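How does the following fold in three dimensions:
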Amino acid sequence: MTASNNSLNINEIRDQFPILHQQIDGNPLVYLDNAATTQKPQAVIQAITDFYTQCNANVHRGAHHLSDEATRRYEKARDTVANFIYASDRKEVIWTSGTTEGINIVANGMAQRLHSGDEVLVTEMEHHANLVTWQQACVRSGATLKIAPIHDDGTINTQAFASLLTEKTKMVALPHVSNALGTVNPVKELTAWSKEKGALVLIDGAQSIAHGNVNVSDIDCDFYVFSGHKLFGPTGIGVLWGKKAVLQDWPVWQTGGEMISEVTYESSTWGELPNRLEAGTPNIAGAIGLAAGIEWFTRLDLNAVQAHEQALMASALEQAQAFEGLKIIGNAPDRISVLSFILQGSHPADVGFLLDRQGIAIRTGNHCAQPLMRRLDLPGTARASFSVYNTLEEVDALFIALKKVQSMLA
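Next up, the predicted model:
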């Protein structure tokens, strides 16, 4: 069947994604690389086209109709994001180029506040963007980077995490969901423990944002970052959300137009949020496109979306567990629709290549998590990741194709 929940018509959803209706080497495209980027519905494509064909102009400073309309759509997009993540103030939504820039904005400011003897805590499951960035902030400031370990099943070792938290801990940065394993971390609990020690908390939400029910007010973290292209929106746009009380005097990331209050030849002062952290001409079309992606997504029954994704994952796990010679990497009881695996005796790159020849698009490699792969003693994994437009037939197609791959590599 094509739908795992009666309140979702998956075929109707798929019809809204032009890219899905093509063939690869004569085979129907089966797109299972959603953790890397999601595909874009026609509504997003149309919103970007409409901006460029109806009101392309710079925002905020124009004295004409096009600029007024561009500004209206751009700032409406900020409201859309704020409502989607339950922000308490629209000014807490800062446009970025993506998750990586959001982390860098926070780390750049934090590096100016850290001192020798201070500590930053991350986890063994970090994406490079949330590891290297803090590593370099510690190098610049003289602070110490601490690593919270994980269990062999891919879950965070909460006891060890808690023991690493001290009064020296000034920043805690961790993923809401592991991009390599699909593990969902108990971020609300970990945030509460961290704040008891007086630390600021940043959550990397790149892998969680497209699955619904992200509530930054409920988590009570200080920063939450994500990318638009993983949320059915365009590339090159993302969001840094931060509590207003924290962001309002955060060290500026870039200087230039838009973010200033007053400039003389001798000195300059910065504007208020959100402008002070948004120097230069923004990605206007990107923000509008991201808002269109969120609006498209939230028109769906999000409970049904989650149920459908859980059904896809349950089918994938059942077939993977019954597949002789296939090993699942990461077995957290709370996980989002990511299946990392290895075929015994095969390199992940070969598996990915041969799947592609059958029209199956997955990810292979270290998934920008080299330290995690070393922790697991692996060169990398093959990773299939699912989204709302995927079907149970596509899960079946993955394992039928893997049988062929296994026979070819035997």
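
Run through the stretch 201-350 of the chain and note the low-pLDDT ranges.
The model of the stretch 201-350 of the chain has no residue with pLDDT under 70.

quick one, helices of it?
Listed in chain order, the helices of the stretch 201-350 of the chain (DSSP state H, counting those that start in this stretch) span 216-219, 244-247, 284-298, 302-321, 348-356.

Relative to V139, which of the ones you listed is closest?
helix 244-247 (23.4 Å; Cβ to Cβ). (Each C-beta comes from the backbone N, C-alpha and C, glycine too.)

one step back: for the helices of the stretch 201-350 of the chain, which one ends up most surrounded?
helix 284-298 (a mean of 24; mean count of other Cβ atoms under 10 Å).

Show residues contacting that helix.
16, 40-41, 43-44, 46-48, 51-52, 58-59, 70, 73-74, 76-78, 80-81, 84, 95, 210, 212, 228, 231-237, 239, 305 (Cβ atoms under 8 Å, 6 or more residues apart in numbering).

Can I have the buried ones of these as a ChimeraX selection?
One line in ChimeraX is enough to select the buried ones among the contacts of helix 284-298; burial here means 16 or more other Cβ atoms under 10 Å:
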select :16,40,41,43,44,47,48,51,58,59,70,73,74,77,78,80,81,84,95,210,212,228,231,232,233,234,235,236,237,239,305
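
In strands only, show me the contacts of helix 284-298.
95, 239 (DSSP state E).

Against G182, how distant is the nearest residue to Q344 once chain neighbours are set aside?
In space, and not counting its chain neighbours, Q344 is closest to G325: 4.7 Å by Cβ to Cβ, 6 or more residues apart in numbering. In this view, G325 and G182 are 21 Å apart by Cβ to Cβ, to the nearest Å.

who's more crowded, these two?
Between G325 and G182, counting by other Cβ atoms under 10 Å, G182 is the more crowded of the two (25 against 14).

Quick check: the more buried one vs N283, distance?
29 Å.

ok, back up a step: which ones are touching the residue nearest to Q344?
343-345, 406.

For G142, find the nearest of the helices of the stretch 201-350 of the chain.
G142 lies closest to helix 244-247 among the helices of the stretch 201-350 of the chain, at 22.4 Å (Cβ to Cβ).

Identify all contacting residues around that closest one.
88-89, 91-92, 94, 200, 222-223, 273, 277.

Just the ones of those residues in strands?
Reading strands off the contacts of helix 244-247 with DSSP E, I get 94, 200, 223.

any chance of the residues you listed in JSON lines, plus neighbour count and distance to G380?
Output for the ones in strands among the contacts of helix 244-247, formatted as JSON lines (neighbours: other Cβ atoms under 10 Å; distance: Cβ to Cβ, whole Å):
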{"residue": "I94", "neighbour count": "26", "distance to G380": "33"}
{"residue": "L200", "neighbour count": "21", "distance to G380": "33"}
{"residue": "F223", "neighbour count": "27", "distance to G380": "30"}
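
For those, give me CSV that also has distance to Y265.
What follows is the ones in strands among the contacts of helix 244-247, written out as CSV (distance: Cβ to Cβ, whole Å):
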residue, distance to Y265
I94, 29
L200, 36
F223, 35
